[in-house]
Every structure is written in C-alpha cells, then in structure tokens.
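J.: Need coordinates for the below:
(one chain, ligands or ions: 2)
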Amino acid sequence: MAYVIVDTCTKDKLCIEACPVDCIHPKEDEPKFEEAPQLFIQPEECIDCGACVPVCPTNSIYVLDELPANLTQFAEKNAVYYA
Ligand code: SF4
Ligand code: SF4
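T.: Ligands and ions are numbered 1, 2, ... in the order given. Now for the predicted structure:
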C-alpha cells in the first residue's frame, strides 16, 4: 500500500524526522527541495507504519485506501516523483 502526501504539505520536514525508513523526500539538503511543491513518500520503501501521520500539522498524509476522492491523484504524484 503506502502512505501518500498531498498538496497541503508545507515542507516543514516533521514527517521526515518521524519516518523510521527514511522514505520521505526531498530532504532539505537534496537539490530538489527548493523547487518541490511538497514532500513525497517513496511508495516502495514505505512500511505503512503510520508514524508520519500524527506529526503532520496540516493533516496532509493519508493511507492510500483512505485518500479522499478529490485527492486520489496524489498517489500517482508521490510515485512519479521517484520514477
Ligand atoms: S509533516 Fe506534513 S506538512 Fe510537514 S513536511 Fe510532512 S507532510 Fe508536509
Ligand atoms: S507510514 Fe511510516 S514508513 Fe511510511 S512514510 Fe510514514 S513514517 Fe515513513
């Protein structure tokens, strides 16, 4: 499955600190950080632990199955970032 970040993300990096498998990017020291509109979860590395969800102040992280209908495109947007 994998968790998905949507465009209300403010890039405050709190989820990066909470993720035990380091699958949220770009990080601040990566070249694409400034230009990225939001952060993205690498779907093949995410272990579905849910640790990122409660730390997100903007409620921008969803488990794939619970993405609201108007946000389903973000599953692909997260994956495409890593393509
Ligand atoms: S915690 Fe939420 S707002 Fe902050 S970077 Fe992660 S997804 Fe974006
Ligand atoms: S669910 Fe767990 S593994 Fe997946 S992005 Fe969030 S903290 Fe990382």
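
J.: And the helices in this structure?
T.: Here the chain has its helices, by DSSP state H, at 14-18, 73-81.

J.: out of the ones you listed, nearest to ligand 1?
T.: Nearest to ligand 1 among the helices of the chain is helix 14-18 (3.2 Å), distances taken as C-beta to the nearest ligand atom. C-betas here are computed from N, CA, C, even on glycine.

J.: re earlier: in JSON lines: the helices of the chain, plus distance to ligand 1, mean neighbour count and mean pLDDT.
T.: Shown next, in JSON lines, are the helices of the chain (distance: least, C-beta to the nearest ligand atom, whole Å; neighbours: other C-beta atoms under 10 Å; pLDDT from 0 to 100):
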{"stretch": "helix 14-18", "distance to ligand 1": "3", "mean neighbour count": "17", "mean pLDDT": "98"}
{"stretch": "helix 73-81", "distance to ligand 1": "11", "mean neighbour count": "16", "mean pLDDT": "98"}
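
J.: Save those helices as JSON lines, and put in distance to Val4 too.
T.: JSON lines is the format used below for those (distance: least, C-beta to C-beta, whole Å):
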{"stretch": "helix 14-18", "distance to Val4": "12"}
{"stretch": "helix 73-81", "distance to Val4": "5"}
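
J.: out of those, nearest to ligand 2?
T.: Of all those, helix 14-18 comes closest under C-beta to the nearest ligand atom, at 5.5 Å.

J.: Check what contacts that closest one and list those residues.
T.: Contact partners of helix 14-18, identified using C-beta atoms under 8 Å, 6 or more residues apart in numbering, comprise Ile5, Asp22, Ile24, His25, Lys27, Leu39, Ala51, Cys52, Val55, Cys56, Pro57, Ile61.

J.: Need the max-distance pair from the residues you listed.
T.: Asp22 and Pro57 (20.7 Å; C-beta to C-beta).

J.: residue contacts, the closest residue in space to Asp65 that isn't next to it in sequence?
T.: With sequence-adjacent residues excluded and distances taken as C-beta to C-beta, 6 or more residues apart in numbering, Asp65 is closest to Met1, at 6.6 Å. Residues counted as contacts of Met1 (C-beta under 8 Å, 6+ apart) are Asp48, Val63, Leu64, Asp65.

J.: Thank you, goodbye.
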